[in-house]
Each structure stands twice: as C-alpha cells, then as structure tokens.
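> test case, fold it:
(one chain, ligands or ions: 1)
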Amino acid sequence: MSTVRVGIIGYGYWGPNLTRNFYEIPSAELVAIADLNDGRLKQAASKYTQVVVAHNYQELFDLGLDAVVVATPPATHHRIAKDCLEHNLHVLVEKPITLSTRDAEDLVELADAKGLTLMVGHTFEYNSAIHVLKDYIDSGELGEIYYLDAARLNLGLFQRDSNVMWDLAPHDISILLYLMGKKPVSVSAHGAPCVFEGIHDVAYINMMFPGNVPAYIHVSWLDPCKVRRITIVGSKKMAVFNDMEPEQKIKIYDKNVTGSHDYTNGSFGEFQCSYHTGDITIPSIRFSEPLRQECQHFIDCIVNHTQPRSSGREGLEVVRILEVAQHSLVNGQTHEALI
Ligand SMILES: NC(=O)c1ccc[n+]([C@@H]2O[C@H](COP(=O)([O-])OP(=O)(O)OC[C@H]3O[C@@H](n4cnc5c(N)ncnc54)[C@H](O)[C@@H]3O)[C@@H](O)[C@H]2O)c1
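Alright, predicted model coming up:
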C-alpha cells in the first residue's frame, strides 16, 4: 500500500479538523467525505475540489478506500463503524467509541476477527505536554502520587444524544489511564441536570486507582469560564497542565507539605505542618498539533500492522468506566467496583 486511501464520515464541527490533517499527510490520500447535511457537504466540496462528496456514507464503499474516519454523533458510532469494518475498512472512530460496553466489545471483536485497525480519537494521548507530564510521574520526580484532579469546563456546547460526562470526560479518563498506566478499581459520579431534564450538564467523577490514589474529574457545559486543567499532587512536587496557556502548558511546582503529630507525654497533641515552597519549573515542550500526530499514527498503524496507542480496546475501557459512572450518576451509588 503506497498511500492509505481515506474517507471521512461526518463533516460537522470536528470532521473538518480531521479532514485537513488527512489531506496534509503525505502517506494518506483524502478520497471522499460523507455527511447527511447538504450545507456541510457543500462546504467540504468547495474546500476539497478533487474529493468525492456523498450524502450516504455507504457510497464510500465503492471507492476502493482502505480506511474511514467516523466523526458523527456518538449514538451513530457503533452502527457506522461496524458497517465499515464489515466492508473491510480500517476505522478511526471519534470519542467516545460507542455509548455502551457491549457495542464497544462488538467493534473490538469484529476488528480483531478481520485483522483491521480500530482506533479511537483520544487526542490527548498524542499531546506532547501530556507525555512530559507522564515522564514526571514515571521518573518519581513528583514523589508518591497523592491525587489527580482534572477540570474541563465551559459554557456549552449542549449535545443532544449524550450528557456532559459522555461528551467531555472521555478525554480526561483516557489521559488519567495513560498517566497512571493502570485501570481504576472503582468509580463513582455525582452531578445535576440543570437546563434540560434528564441531561446532566455538570458532573464530578471520582476514580480510585490501585494503592488508594484518587482521581477527580469535573466536567461542565455550564460554567462561565473555559477551563482545561489537570493537577497532579505528589509528596515531593506538584504539576499543573493548563491547556488554555498558549505556551507554558506545564508548570512543576517544587511545593510540598510534611505533616507530623506531636505526641508530647505519650498523648495525642497538636499536629504540625511543614510547608516547602521552592522554584517553579516550566519544561520546554516540542509541541506539534496532537491531532496531526493522532492521524499520522492511524496511518502508520495500518501500514505497519501495529496496535494503535488509543486502540479500540482502550476505547472500550473508557466506555466501561463511563458506563459505571453513569449508573452511579443516575442511581446515587458510591464507589461502584470495576470488574
Ligand atoms: N477529539 C476531539 O477533541 C473531539 C472534539 C470535538 C468533537 N469530537 C467528537 O467528534 C464527533 C462529532 O462531533 P461534532 O462536534 O463534530 O458533531 P457535529 O454534530 O458538529 O457533526 C456531526 C456531523 O455528522 C453528520 N452525520 C450525522 N449522522 C451521519 C451519518 N449517518 N452519515 C454521515 N454524516 C452524518 C452530521 O450531519 C454532522 O454534520 C463526536 O463523537 C465528538 O465527541 C472529538
């Protein structure tokens, strides 16, 4: 295969970003774009004049494609991705890979049986700032990890077929799984449907990682400020990833607190805190567009027959966590165990 022939399904808000990247990648050939919306198709046709545009994505099956990218609303992912796999196409599906564990398992099994690449668009796993953050954790520079905290807040955009957790938290869950290099043992979630009945627009997820390391995720469509932040608090240092910063995305704070109890005369006395505040380090990051890295990785995995970093299995893992969190969100259960 000299170049990988790619079709895009879904040219709404996110599809054009994927399209631009596949158009620019030398080892990929952008062949076709499908969207149900005529206005979106018109825009695609005027921008990519050599490319076939189609209303019905199934027209793409006659074009000799190698791969497709599914950037349609989440409720359609399983049906479209399954259809594409059944037509022997490698598939990159946007996050969340599906809206149920069963559907995600179905896609993973089908891709495995056919020897096809199935990848999910967990874009942050291709973000060099996140890689730097992981290096800080893995090298032990932060010390023992006490807790992780992620916030992804803004005003809108309200989705019709999912709540804020399924819309925004896949990113944070995938980042935290990647940073910790392991799965959580339990999950719980709280939140509220403020604007539309039954659709949670603010949610707090709590995941407990092995070794009693908690991770908290706050997601909201109902916040006045746009926040994209991950804080990792360790026994030696603390790290903050702020994606709203154009350049200084990571700051390492040489700050920590040591606590001790004063057991004067054998009885429990005052506890003592010792606060340490040192320098703030801003690591330099060789940044390139994460989405470009993701798209290139998809092509490379197809050509080299290798497993993607954000494989279908990883997409399934994130959906499994979301499904348990959803159950907790709706039923008020705390700390549901993950099998
Ligand atoms: N990785 C990221 O950072 C990121 C960012 C934004 C959105 N997303 C994901 O991208 C996906 C799309 O989100 P969006 O915000 O672009 O949604 P959108 O509603 O703006 O666009 C979806 C498009 O899909 C089209 N569509 C729907 N059903 C179709 C079908 N059967 N065949 C062809 N076209 C169809 C719609 O007409 C629409 O133009 C979602 O899964 C979302 O979670 C990912």
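
> three-state assignment of T277?
Assigned state for T277: strand (three-state reduction, DSSP: H, G, I helix; E, B strand; the rest coil).

> excluding chain neighbours, what is closest to it?
K255 (5.2 Å; CB to CB, 6 or more residues apart in numbering). Any C-beta I mention is one placed from the backbone N, CA and C, and that applies to glycine too.

> isn't there a helix covering that neighbour?
No: the assignment for K255, made by three-state DSSP, is strand rather than a helix.

> phi first, then psi, for the residue of the stretch 1-150 of the chain found nearest the ligand.
Closest approach between the stretch 1-150 of the chain and the ligand, counting by CB to the nearest ligand atom: G12, at 1.8 Å. Dihedral angles of G12 (phi, psi; degrees, to the nearest 10) stand at phi -90, psi -120.

> check contacts around the nearest residue to R40 once chain neighbours are set aside.
Distances taken as CB to CB, 6+ apart place Y11 nearest to R40, at 4.7 Å, with adjacent residues excluded. Going by CB atoms under 8 Å, 6 or more residues apart in numbering, Y11 touches 19, 33-35, 37, 40-41, 43-44, 71.

> check contacts around A81.
A81 neighbours (CB under 8 Å, 6+ apart): 70, 91, 93, 97-98, 107, 118.

> save the contacts of Y11 as TSV, and put in pLDDT too.
Output for the contacts of Y11, formatted as TSV (pLDDT from 0 to 100):
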residue	pLDDT
T19	98
I33	98
A34	98
D35	98
N37	98
R40	98
L41	97
Q43	98
A44	98
A71	98
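
> also within reach of the ligand: list those from those residues.
For the ligand, the contacts drawn from the contacts of Y11 by CB under 6 Å from any ligand atom are 34-35, 37, 40, 71.

> need those in JSON lines with neighbour count and distance to S284, can you?
Output for the ones next to the ligand among the contacts of Y11, formatted as JSON lines (neighbours: other CB atoms under 10 Å; distance: CB to CB, whole Å):
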{"residue": "A34", "neighbour count": "26", "distance to S284": "41"}
{"residue": "D35", "neighbour count": "24", "distance to S284": "40"}
{"residue": "N37", "neighbour count": "13", "distance to S284": "42"}
{"residue": "R40", "neighbour count": "19", "distance to S284": "39"}
{"residue": "A71", "neighbour count": "24", "distance to S284": "32"}
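
> among these, name the ones in strands.
A34 (DSSP state E).

> which bits of the stretch 1-150 of the chain sit near the ligand?
Residues of the stretch 1-150 of the chain lying near the ligand (CB under 6 Å from any ligand atom): 9-15, 34-37, 40, 57, 71-74, 76, 80, 94-95, 121, 123.

> filter those down to the buried ones.
Among those, the ones that count as buried by 16 or more other CB atoms under 10 Å are 9-11, 14-15, 34-36, 40, 57, 71-72, 74, 76, 80, 94-95, 121, 123.
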